[in-house]
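Peer 1: model this:
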Amino acid sequence: MKHRAITSLSAAATLVAVVSLGSPALAQTPAPRTAWGQPDLHGVWDFRTITPMQRPEELADKEFLTEEEAANLDQEAVARDARLWEQPARRTEAGGNVGAYNNFWMDRGTNTIGTRRTSLIIDPPNGRYPPMTADGQRRADARRDDLRDNPATWTTSFSSGVRCVLGFNAGPPMNPSAYNNNMQLFQAEDYVVLMTEMVNTARVVPLDGRPHVDSAIRQWSGDSRGHWDGDTLVIETKNFDAKRQWRNTTNNAHLIERITLVDAETLLYVFTVTDPDTWTSAWTAEVPMRKNPEPMYEYACHEGNYAMPVMLGGRRVEEMASAGQP
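Peer 2: The predicted structure follows:
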């Protein structure tokens, strides 16, 4: 990831002068095919971007940035990284500043990646999440209040990302975040495997028409089944376990992912999330992915997750102090 972060800065600077003219990116080279005739999706695919999931409210109905606006945002991202790299790391202070990763480890990318969209969400047309249902809002409020009133009660107080169960950008669906925005796709005639760099989460997706597992069987990444719709790979995932705490979704969450090879260097990843217990309607996001010529490296999350015992230990000290114990 470090090498990728270093090279990304110069690549982003070049990108400022070459802003794409639409969404998705226009094909540059013919899309390759496998020996059995399917689009060849093999490889490592980079989905980093600073394009937000939701459109900022002040942009209202503005779906696309102008070329100048996109170039300015890209330049600002490059300049911000250069400035932050020169700052000293923030150290943790007892009872105050919790510190932060050195910016060297961040790898957010730039705004464009083949599109000038103002949000990754393309439906609803306003580029924002649909309204929450009453139950969805109640759960979100309860979760917020519990985190405020009962921090670090036990491991389950933390998200699946903090606990290294799932990567915070691994999904599914995959969504760009602060770093490790890479996915490696392995492909056979009757299977594909999608492995995200974050926590090396791997999904094995059968393409042979077998049914989903029984609805009583819940899994962290859900149960995925795929098929081809022309040249687009369609993956349907359900049977999610709500314990993963992704976007406040429930066991009733349902995901459709569509992966299309635009050209030899570009994947178009479009996903639709439906959860009638959380949102009043489904929503869809679009994330172009670029071919990454570098290999994907192992990401050690549990091995370096020193924050977990520290946070739990700090909470135990607070509890003893509240009880008048030394």
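Peer 1: Tell me the bridge partners for the closest residue in space to His212 that isn't next to it in sequence.
Peer 2: Computed as C-beta to C-beta, 6 or more residues apart in numbering, the closest residue to His212 that is not its neighbour in sequence is Asp223, at 5.1 Å. For the C-beta atoms, the positions are set from N, CA and C on the backbone; glycine is no exception. Beta bridges link Asp223 to Lys238, judged by DSSP bridges.
Peer 1: ok now do Asp223, which residues does it touch?
Peer 2: His212, Val213, Ile217, Thr237, Lys238, Asn239 (C-beta atoms under 8 Å, 6 or more residues apart in numbering).
Peer 1: so where do the helices sit in this protein?
Peer 2: 2-16, 67-85, 134-149, 307-322 (DSSP state H).
Peer 1: now for the contacts of Asp223, which pair is the farthest apart?
Peer 2: Within the contacts of Asp223, two members stand farthest from each other by C-beta to C-beta: Ile217 and Thr237, at 13.1 Å.
Peer 1: Those two: which has the busier surroundings?
Peer 2: Shown here are Ile217 and Thr237; by other C-beta atoms under 10 Å, Thr237 has more neighbours (24 against 10).
Peer 1: and the gap between the nearest residue to Met311 once chain neighbours are set aside and Leu255?
Peer 2: Nearest residue to Met311, sequence neighbours excluded (C-beta to C-beta, 6+ apart): Ala152, at 4.7 Å. Using C-beta to C-beta, to the nearest Å, one gets 30 Å for the distance from Ala152 to Leu255.
Peer 1: So for these two, which sits in the more crowded spot?
Peer 2: Leu255 (22 against 18).
Peer 1: So the more buried one is in contact with Trp246, correct?
Peer 2: No: using C-beta atoms under 8 Å, Leu255 makes no contact with Trp246, being 9.8 Å away.
Peer 1: list the residues that contact both of the two?
Peer 2: Counting by C-beta under 8 Å, 6+ apart, the contacts common to Leu255 and Trp246 are Phe240.
Peer 1: Burial check on Thr155, number of neighbours?
Peer 2: So Thr155, with other C-beta under 10 Å, has 13 neighbours.
Peer 1: ok, it touching Pro309?
Peer 2: No: using C-beta under 8 Å, Thr155 is not in contact with Pro309, being 9.8 Å away.
Peer 1: What segments of the stretch 101-250 of the chain are strands?
Peer 2: Secondary structure of the stretch 101-250 of the chain (DSSP state E, counting those that start in this stretch): strands at 121-123, 182-187, 191-196, 202-206, 223-229, 232-238.
Peer 1: Tabulate those (CSV), appending mean pLDDT.
Peer 2: What follows is the strands of the stretch 101-250 of the chain, written out as CSV (pLDDT from 0 to 100):
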stretch, mean pLDDT
strand 121-123, 98
strand 182-187, 97
strand 191-196, 97
strand 202-206, 96
strand 223-229, 98
strand 232-238, 98
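Peer 1: any chance of those strands in JSON lines, with distance to Gln75 too?
Peer 2: Output for the strands of the stretch 101-250 of the chain, formatted as JSON lines (distance: least, C-beta to C-beta, whole Å):
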{"stretch": "strand 121-123", "distance to Gln75": "25"}
{"stretch": "strand 182-187", "distance to Gln75": "24"}
{"stretch": "strand 191-196", "distance to Gln75": "29"}
{"stretch": "strand 202-206", "distance to Gln75": "36"}
{"stretch": "strand 223-229", "distance to Gln75": "39"}
{"stretch": "strand 232-238", "distance to Gln75": "34"}
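Peer 1: returning to that earlier point: go through the helices of the chain and name the closest to Thr266.
Peer 2: Using C-beta to C-beta, the nearest of the helices of the chain to Thr266 is helix 2-16, at 13.9 Å.
Peer 1: pLDDT averaged over the closest one - what is it?
Peer 2: If you average the pLDDT over helix 2-16, you get 39.
Peer 1: Stretch 33-51 now?
Peer 2: Averaged over stretch 33-51, pLDDT sits at 96.
Peer 1: how long is that stretch from one end to the other?
Peer 2: One end of stretch 33-51 sits 30 Å from the other (C-alpha to C-alpha, to the nearest Å).
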